[in-house]
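**Q** for reference, the sequence and a predicted model appear below.
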Amino acid sequence: NESNIPKDFPQLKNDTFLRAARGEQTQHVPVWCMRQAGRYLPEFREFRAGKDFFDTCRSPEACCELTLQPLRRFDFDASIIFSDILVVPQAMGMEVQMVPGKGPTFPDPLKDPEDLQRLKTKVDVQKELDYVFKAITLTRHKIEGKVPLIGFTGAPWTLMSYMIEGSGSKTFSKVKSWLYRYPEVSHMLLKRLTDVIVDYLLGQVAAGAQALQVFESHAGILGPVEFKAFCLPYLRDIARRVKDQLKETGQDVPMIVFAKDAHYGLEDLSQSYYDVVSLDWTIDPRLAREQTGGKVSLQGNMDPCALYAPKERISEIVKTMLEGFGTQRYIANLGHGMYPDMDPESVAAFVEAVHKHSRQMNKQQ
Ligand SMILES: Cc1c2[nH]c(c1CCC(=O)O)Cc1[nH]c(c(CCC(=O)O)c1C)Cc1[nH]c(c(CCC(=O)O)c1C)Cc1[nH]c(c(CCC(=O)O)c1C)C2
């Protein structure tokens, strides 16, 4: 069994992110950015130039290099493995291409309930996603204990939406029509995705991931009733099953859930076995604290577009955000991923502001 082989990773030097995730005291607020490895970095564009996106994902050396790039520039307190959420549908037998300028595209998306037959009935996650596990193990060594390495997955509903829409969408009417026309088949698909995701996350931990984030990026296109029916049960099931399995080997790995735009789901999400609830920028920090009632740590949630502001303004925005969240049980981040036209200097200003203001606020207490 792969998971029993000791990997002798370098000792972790900065555990601030893990402490905040577990609800332990920290000297400063830890910070990282969603899509911190990305096209806003010239070295990322240079490295990726002319290479197919999913070929890059399948190269452990390339994933390692792209994960490390932002850490060479910024004083981040965590890193996230370079990969994509759509490697899971690929592992289940679907074809996905990254079309430059258009984003991920499924040439042959699921159209009818019968199309479920096209998916593999038994997915050998260890074999199909071995390249991700190799990337995690390699990166965990090469990071030299500087900061923890986060593994991640897309959540069932978000993956189902890509598998049926075939790409991003404005209305998501194709996948939403499944929920209303074929609720039972929809649940079958969500269940199958959940089973693969649980194995996938456990494999990532065995490979060396020190925290896990579950991206339910398309939660907000559902109303509260559909969220409770088609998102929440699977998000809970994932955390419960992963946590239970890890407990058997005496491990505890913090889990983060990011259900974008699901403001109505905060209270439920805070009681769903996750350690951290990640917030988009439409949610007021104080309100989020009230609704989650101290049961979880919070992560987020600066509007990514605030990075277009001058540095002094970024610092003010960060200060206000920290006053809203407080400095404990908190991980600073953006409310969603960075955009390619953002200035790396602004990211540096964001990170510095989080560290500086939170240290000052902690001293005053
Ligand atoms: C850098 C990058 C990624 N994916 C894509 C890009 C840009 C394309 C490129 O570099 O060529 C295409 C890429 N992949 C995806 C999209 C979104 C397409 C759309 O629906 O509009 C694009 C452009 C799908 C995707 N992929 C991901 C999500 C969930 C997070 C979110 O909500 O943004 C989603 C929805 C996760 C993801 N994707 C990636 C990471 C790791 C790097 C990091 O965060 O530093 C992660 C965590 C990497």
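**A** Great, that's in hand. Numbering: from 1, shown residues only.

**Q** and Ile331, that's in a strand?
**A** Yes - per DSSP: H, G, I helix; E, B strand; the rest coil, Ile331 lies within a strand segment.

**Q** tell me how many other residues crowd whichever residue of the stretch 51-200 of the chain sits closest to the ligand.
**A** Closest contact between the stretch 51-200 of the chain and the ligand, by Cβ to the nearest ligand atom, is at Gly168 (2.9 Å). (Glycine included, C-beta is placed from N, CA and C.) When neighbours are counted by other Cβ atoms under 10 Å, Gly168 registers 14.

**Q** repeat that for Ser59.
**A** Using other Cβ under 10 Å: Ser59 sits among 17 other residues.

**Q** contact partners for it?
**A** 131, 135 (Cβ atoms under 8 Å, 6 or more residues apart in numbering).

**Q** one more: the one 4 residues further on?
**A** The neighbourhood of Cys63, defined by Cβ under 8 Å, 6+ apart, consists of 56-57, 81-83, 132, 135, 138-139.

**Q** please list which of these also come close to the ligand.
**A** For the ligand, the contacts drawn from those by Cβ under 6 Å from any ligand atom are 82-83.

**Q** circling back: helix/strand/coil for the residue of the stretch 51-200 of the chain closest to the ligand?
**A** Per three-state DSSP, Gly168 ends up coil.

**Q** not counting sequence-adjacent ones, nearest residue to it?
**A** Spatially, and ignoring its direct neighbours in sequence, Gly168 is nearest to Gly103 (5.5 Å; Cβ to Cβ, 6 or more residues apart in numbering).

**Q** what residues are bridge-paired with that neighbour?
**A** Val99 (DSSP bridges).

**Q** can you count the residues close to it?
**A** Other residues close to Gly103 by other Cβ under 10 Å number 13.

**Q** before we move on, what about Leu322?
**A** 20.

**Q** wait, doesn't it sit right on Ser358?
**A** Yes - using Cβ atoms under 8 Å, Leu322 is in contact with Ser358, at 5.8 Å.

**Q** between these two, what contacts are shared?
**A** 29, 332.

**Q** quick check: the residue nearest to Gly168 vs Gln251, distance?
**A** According to Cβ to Cβ, to the nearest Å, Gly103 and Gln251 sit 35 Å apart.

**Q** check Pro224 too.
**A** 34 Å.

**Q** tell me the pLDDT at Asn4?
**A** Asn4 carries a pLDDT value of 51.

**Q** where do the helices sit along the stretch 1-150 of the chain?
**A** For the stretch 1-150 of the chain, the helices defined by DSSP state H, counting those that start in this stretch cover 16-22, 42-48, 53-57, 60-73, 87-91, 125-128, 130-142.

**Q** with the stretch 201-350 of the chain instead?
**A** So, for the stretch 201-350 of the chain - with DSSP H, counting those that start in this stretch - the helices run 224-226, 232-248, 266-269, 285-292, 311-325, 344-364.

**Q** which residues of the stretch 1-150 of the chain lie near the ligand?
**A** So the stretch 1-150 of the chain meets the ligand at 34-39, 48, 53, 80, 82-86, 98, 103-104 (Cβ under 6 Å from any ligand atom).

**Q** narrow those to those in strands?
**A** 80, 98, 103-104 (DSSP state E).

**Q** of those, which is the most crowded?
**A** Top of these by neighbour count (other Cβ under 10 Å): Ile80, with 23 neighbours.

**Q** roughly how far does it sit from Ala349?
**A** For Ile80, the distance to Ala349 - Cβ to Cβ - is 21 Å.

**Q** with Gly337 instead?
**A** 18 Å.

**Q** settle it for me: which of the two has more neighbours?
**A** Legend: neighbour count by other Cβ under 10 Å for Gly337 and Ala349, higher for Ala349 (20 against 13).

**Q** run a quick neighbour tally on Glu46.
**A** Glu46 has 9 nearby residues by other Cβ under 10 Å.

**Q** residues in contact with it?
**A** Counting by Cβ under 8 Å, 6+ apart, there are no residues that Glu46 touches.

**Q** so which bits of the stretch 201-350 of the chain are right by the ligand?
**A** Near the ligand, when you scan the stretch 201-350 of the chain using Cβ under 6 Å from any ligand atom, you find 215, 217, 337.

**Q** residue in the stretch 201-350 of the chain nearest to the ligand?
**A** For the stretch 201-350 of the chain, Cβ to the nearest ligand atom, closest residue to the ligand: Ser217, 3.2 Å.

**Q** number of nearby residues for the closest residue to Val123 other than its chain neighbours?
**A** Excluding the flanking residues, the one nearest Val123 by Cβ to Cβ, 6+ apart is Val196, at 5.1 Å. Residues lying near Val196 (other Cβ under 10 Å) number 22.

**Q** work out for me the element the residue nearest to Arg241 when sequence neighbours are not counted sits within.
**A** Nearest non-adjacent residue to Arg241, counting by Cβ to Cβ, 6+ apart: Val198, 4.8 Å away. Per DSSP states H and E: Val198 is located in helix 183-207.

**Q** for that helix, which helices and strands make contact with it?
**A** helix 87-91, helix 125-128, helix 130-142, strand 149-154, helix 156-165, helix 173-181, strand 211-216, helix 232-248 (3 or more Cβ pairs under 8 Å, 6 or more residues apart in numbering; DSSP states H and E).
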